[in-house]
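Asker: Provided below are the primary sequence and the corresponding predicted coordinates.
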Amino acid sequence: MLDFEVFSQQLITGLSNGMIIALIAIGYTMVYGIIELINFAHGDVFMLGAFLALTLLGALGMEAWGPSGQVFGVALMLIGSAVFCGGLNWSLDRLAYRALRKSSKLSLLVSAIGCSFVCMNLGLFWGGAPMKVFANGNSAAAPKDFPAIIPQINLLGDGFLRITPGDLLVFAVTIPLMVGLTFMVKRTRLGRAMRAVAQDPIAASLMGIPVDRVIGATFFIGGALGGFASVIYSLYNNTIGFQMGTRAGLDAFTAAVLGGIGSLPGAVLGGLTIGCVRSMSDQYLETRWTNTIVFCILVLILIFRPNGLLGSTRREKV
Amino acid sequence: MKNSAVIISIFGACSVLFAAAQDSKVVAPANAGTLKIISSLPRTGSANAQTNTMVNGIKLAIDEVGGQIDGWKIAYEDMDDASPQRGNWDPAVEAQNANAAVKDSDCIAYIGTFNSGAAKVAIPILNRAGLAMVSPANTYPGLTKPGFGEANEPLVYRPSGKINYFRVVPTDDLQGVEAANWAKTLKAGKVFILHDRELYGKGIADVFRKQAEKLGIEVVGFEGIDSKAANYRSLATKVKATSPDLVYFGGTTQSNAGQVAKDLRSGGYEGMFMVPDGCFEQAFIEAAGAANLNGKTYITFGGLPAEEMTGKGADFRAAYKLKFGADPEAYASYGYEAARVVLQAIAQAKTKDRAGILAAISATKDFDGVLGKWSFDANGDTSSRVMSGQTVQDGKFVFVKVLGN
């Protein structure tokens, strides 16, 4: 194999991983953009989405479905998890955050951390479900194998370079979602309302915009993107566990900050950057340095561009 | 309704009679009181399935002596040294368990730990209190043997100057060497070595590398992984680019061996994969997915799987199946062995004194164990050298051969 092939392979892996991170990062950045809350529960909502996907897969016996049935199965999991995570995120806002809208940002932040713990423990509880896909509930905390219902073949034949259907799925799902989201925020009535609330909630409400409903919708959309991401993550990595939200959430949060929190293109850019830096560091340095490199880059960027790569110059409040 | 009431009352009467009969059997014991054995093993996370069978092994040993020796009642407490936050053993919990055992005046022996890193925490705490510790599973050599780990090992674990730590399994300086020898007979010319950066995983990977180099196997890479990473696709590409015949992973199921195996395969690596005993549990196959392991995965183990044992070991397996209705996992027989070592020491020492029992354990000689006769040497290690190699077929471990000897 050539050095060029190794480099391209790492680029493909980095972009695939980065796309998944970006999709989660959008959930952070949307919520931050509108109410300046870092929704720490987002990573755990994402984790519960993966648990729902595995439950669906096991309950419906998708492993036994034929190839075309499995395409339907993947679509079903995507929709199921998106609706579930969106609903869950919306409920968190309704139950925990809305009451604190007028109190200090810090109480909001602390209650977000609380929600994160609640969700994580729900996952721990769920992992003990007496189902075959959950190892018959043998150990709730153990990582679960997510069956590889997408074939792990090389679409490029027998060469060194590999592109698998999993890689394609990542791009096929995330790119339309990102385009659609950008369109929604820029062009639709709801998008305009969201931007108005983000700019000035009081003025927006004076203009007749139902602020709480718009915020609720933002939570729903952010959560739904997390739901999509959870299914893609599960199909790509084939392992889920109740703690996966912590690491995925940290990566995504870093991506959101790197790109400029509050900015949608920033979140995508941040996610792709982190994914590629990770791959390249694994290849050309050593795996054990990877986390150090990622966070060093974050620190450097925040020193020279405190608002991130594409962030606005608004003052940070949290 | 009426019938069931009758049955219940008959059952109740029977149990009262039975209890009375039991009471009359105990005639003024020579030593009234309780001796407690505490085990500290990971019960949260994927190691739990393995731990379950180890705990069953300990219970079986205690049942075999009728739960008492010379009138001493043998109590047993099963502690968890893992936490959900780590999904793996936790140093804070392990220290808590060891301190609880020291404070419990009935406790005369501590069975554990499963992970060598956890032993590092527990040994000095128990050592200061002179409490005996018998491990069914630790294999990191530095815990007992000078010259294999850090310069201050193993003395750093013995603040009182006395040895209180024993183990019934052979150590990694033997297992890692046998693993490399096996790789050689499997005709591996190039190996890529990965480890989880933990005491056990890095330790055995180091031994493997040393022996591989000695045998003339080319080591094309040696890297510590991030055991919390979502996937190892980029690492798999790096491994594949060096085209090794065999990848060795020094680590455990809990440090993500399953994901490593998965990503090596999905990254297109098709060669052999070898892991040490830390992955010798069904949970590893479950985590990796059987399809990713079948045929080309090799697992070394410092002992024999229960199915291959003869003599005492075969008896153990039969008794285990009868009592628990399932096959024991790899380390269950060592849980059983560790408990029997402690029970024999109690029978010989005839005392509740921790020092007396410790002395009796360290004097264990020609013990009729599951792997034949063995003794503890001056370091507290077993003299047994039986090891085995297995592979995975159809989602099950299959014994291949005895290694070493």
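Answerer: Thanks, I have it. Residues are numbered from 1 along each chain as shown, chains lettered A, B, ... in the order given.

Asker: how close does the closest residue to residue B:122 other than its chain neighbours get to residue B:127?
Answerer: Closest residue in space to residue B:122, ignoring its immediate chain neighbours: residue B:98 at 4.2 Å, by CB to CB, 6 or more residues apart in numbering or on different chains. (Each C-beta comes from the backbone N, C-alpha and C, glycine too.) To residue B:127, residue B:98 is 10 Å away according to CB to CB, to the nearest Å.

Asker: now residue A:137
Answerer: Using CB to CB, residue A:137 is found at 39 Å from residue B:127.

Asker: what do you get for residue A:268?
Answerer: According to CB to CB, residue A:268 and residue B:127 sit 55 Å apart.

Asker: between the two, who's got more neighbours?
Answerer: Of the pair residue A:268 and residue B:127, residue A:268 is the one with more neighbours under other CB atoms under 10 Å in any protein chain shown, namely 27 against 21.

Asker: Check whether the more buried one really touches residue A:181, as I assumed.
Answerer: No: using CB atoms under 8 Å, residue A:268 is not in contact with residue A:181, being 9.8 Å away.

Asker: now the strands for chain A?
Answerer: Remark: strands assigned in chain A by DSSP state E are A:144-145, A:239-240.

Asker: Deepest in the core, which of those is it.
Answerer: Counting by mean count of other CB atoms under 10 Å in any protein chain shown, strand A:144-145 has the highest mean neighbour count of the strands of chain A, with a mean of 25.

Asker: Which strands or helices does that one pack on?
Answerer: For strand A:144-145, the elements it packs on are strand A:239-240, helix B:282-288, judged by 3 or more CB pairs under 8 Å, 6 or more residues apart in numbering or on different chains; DSSP states H and E.

Asker: For these, which has the smallest mean pLDDT value?
Answerer: Least confidently modelled of the helices and strands packed on strand A:144-145 is helix B:282-288, at a mean of 88 by mean pLDDT.

Asker: Contacts made by that helix with the rest, please.
Answerer: With CB atoms under 8 Å, 6 or more residues apart in numbering or on different chains as the test, helix B:282-288 has contacts from A:135, A:139, A:142-143, A:145, A:239, B:46-47, B:49-50, B:253, B:257-259, B:261-262, B:275, B:293, B:329, B:392, B:395-397.

Asker: go on, stretch B:210-225?
Answerer: Against stretch B:210-225 from outside (CB under 8 Å, 6+ apart): A:286-288, B:176-177, B:179-181, B:183-184, B:188-197, B:202, B:205, B:209, B:232, B:235, B:238-239, B:242-244, B:251, B:255-256, B:260.

Asker: can we see that at 6 Å?
Answerer: A:286-288, B:177, B:180, B:184, B:190-195, B:197, B:209, B:242, B:244 (CB atoms under 6 Å, 6 or more residues apart in numbering or on different chains).

Asker: Just the terminal-to-terminal distance for that stretch.
Answerer: Distance across stretch B:210-225, first residue to last, is 19 Å (CA to CA, to the nearest Å).

Asker: Now do the buried residues in that stretch.
Answerer: Going by neighbour count (16 or more other CB atoms under 10 Å in any protein chain shown), the buried part of stretch B:210-225 is B:211-212, B:217, B:219-225.

Asker: Could you do stretch B:135-146 as well?
Answerer: The neighbour-count check on stretch B:135-146 (16+ other CB under 10 Å) flags B:135-145 as buried.

Asker: Would you mind listing what in the stretch 1-150 of chain B touches chain A?
Answerer: Remark: the part of the stretch 1-150 of chain B in contact with chain A comprises B:44-46, B:48-49, B:84, B:87, using CB under 6 Å from any CB of the partner chain.

Asker: Among those residues, which one is most surrounded by other residues?
Answerer: Of all the residues of the stretch 1-150 of chain B next to chain A, residue B:46 has the most neighbours under the rule other CB under 10 Å, reaching 29 neighbours.

Asker: Show me where the stretch 1-150 of chain B has its strands.
Answerer: B:33-41, B:68-69, B:72-80, B:82-83, B:88-89, B:107-112, B:132-135 (DSSP state E, counting those that start in this stretch).

Asker: Against which helices or strands is the last one packed?
Answerer: In terms of contacts (3 or more CB pairs under 6 Å, 6 or more residues apart in numbering or on different chains; DSSP states H and E), strand B:132-135 is packed against strand B:107-112, strand B:165-167, helix B:332-349, helix B:354-362.

Asker: burial of residue B:379, as a residue count?
Answerer: Counted with other CB under 10 Å, residue B:379 comes out at 16.

Asker: Just confirm it contacts residue B:144, I think it does.
Answerer: Yes: Residue B:379 lies in contact with residue B:144 (CB atoms under 6 Å); the separation is 4.2 Å.

Asker: for the strands of chain A, which one sits closest to residue B:334?
Answerer: strand A:144-145 (26.9 Å; CB to CB).

Asker: residues making contact with that closest one?
Answerer: With CB under 6 Å, 6+ apart as the test, strand A:144-145 has contacts from A:134, A:240, B:286, B:289.

Asker: Repeat that for stretch A:256-267.
Answerer: With contacts defined as CB under 6 Å, 6+ apart, stretch A:256-267 is touched by A:22, A:25-26, A:28-29, A:32-33, A:269-270, A:298, A:301, A:307-311.

Asker: where exactly do the helices run in chain B?
Answerer: For chain B, applying DSSP state H gives helices covering B:2-25, B:48-64, B:91-103, B:116-129, B:172-185, B:199-214, B:233-241, B:257-266, B:282-288, B:290-293, B:312-324, B:332-349, B:354-362.

Asker: ok and the fifth one relative to helix B:199-214, angle-wise?
Answerer: Between the axes of helix B:172-185 and helix B:199-214, defined by axes from the mean of the first three to the mean of the last three CA atoms, to 10 degrees, the angle is 50 degrees.

Asker: repeat for the second one
Answerer: Between the axis of helix B:48-64 and that of helix B:199-214 there is an angle of 100 degrees, by the same axes, to 10 degrees.

Asker: Now do the same for residue B:291: its pLDDT.
Answerer: 89.

Asker: which of the helices and strands packed on strand B:132-135 sits most buried?
Answerer: Among the helices and strands packed on strand B:132-135, strand B:107-112 has the highest mean neighbour count (mean count of other CB under 10 Å), at a mean of 28.

Asker: and the residue nearest to residue A:127 when sequence neighbours are not counted, how many residues sit next to it?
Answerer: Sequence neighbours aside, residue A:140 is the residue nearest to residue A:127 in space, at 4.1 Å (criterion: CB to CB, 6+ apart). Neighbour count for residue A:140, taken as other CB under 10 Å: 22.

Asker: and whatever residue of the stretch 201-350 of chain B ends up closest to chain A, what is it in contact with?
Answerer: Closest residue of the stretch 201-350 of chain B to chain A, CB to the nearest CB: residue B:234 (3.8 Å). Counting by CB under 6 Å, 6+ apart, residue B:234 touches A:10, A:13, A:279, A:282-283.

Asker: could you measure the residue most central in space within chain B against residue A:286, distance?
Answerer: For chain B, residue B:137 is the residue whose C-alpha lies nearest the centre (CA atoms, centre = their mean; 2.5 Å). Going from residue B:137 to residue A:286 by CB to CB gives 30 Å.

Asker: swap in residue B:326?
Answerer: Residue B:326 is 42 Å from residue A:286, by CB to CB.
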